[in-house]
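Trainee: Please work out how this folds:
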Amino acid sequence: QVQLVESGGGLVQAGGSLRLSCAASGGTFSIYRMGWFRQAPGKERELAAAIRFGWSSEYPYYADSVKGRFTISRDNAKNTVYLQMYRLKPEDTATYYCAADTSTGGFNSWGQGTQVTVSS
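Mentor: Predicted coordinates for the structure are as follows:
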């Protein structure tokens, strides 16, 4: 069973930056891809960014809403994925969740979530 622990959320002014981290443990050999989802109050959960896990090519994915402002990266030695967020906007305010897409199919392991609040 994969365990995911997120960190790095907080309150930031519009235009600012934040970096989120997601450390994976337990069964990491089964992880195919890691993703950062976000969910704002009253809205559906959105996949903001994703990246292949492990030593394969990264093949990063970005939602249109974050493309050019967010960067997803990985540290294989630490089994950790990062989401660097630049030029943050109030509409980026959400709870951000790290998730693992494993060999059993789909994003089926989730972190506890970390709150990102962007003030105008």
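Trainee: any weak-confidence spans in this structure?
Mentor: Within the chain, no range satisfies pLDDT under 70.
Trainee: middle-most residue in it, spatially?
Mentor: In the chain, the centroid-proximal residue (C-alpha atoms, centre = their mean) is residue 36; its distance is 2.4 Å.
Trainee: Pretty sure it sits against residue 48.
Mentor: Yes: with contact defined as C-beta atoms under 8 Å, residue 36 and residue 48 form a contacting pair (4.9 Å). In this view, the C-beta of every residue, glycine as well, is placed from N, C-alpha and C.
Trainee: Please list all residues in contact with the residue nearest to the centre of the chain.
Mentor: 20, 22, 47-50, 72, 81, 83, 96-99 (C-beta atoms under 8 Å, 6 or more residues apart in numbering).
Trainee: ok so, going back, list residues touching both of residue 36 and residue 48?
Mentor: Going by C-beta under 8 Å, 6+ apart, residues that sit against residue 36 and also against residue 48 are 83, 96.
Trainee: How about residue 5: what's its closest non-neighbour residue?
Mentor: Nearest residue to residue 5 in three dimensions, chain neighbours excluded: residue 23, at 5.0 Å (C-beta to C-beta, 6 or more residues apart in numbering).
Trainee: Isn't that neighbour up against residue 79?
Mentor: Yes: counting by C-beta under 8 Å, residue 23 does reach residue 79; the two are 6.4 Å apart.
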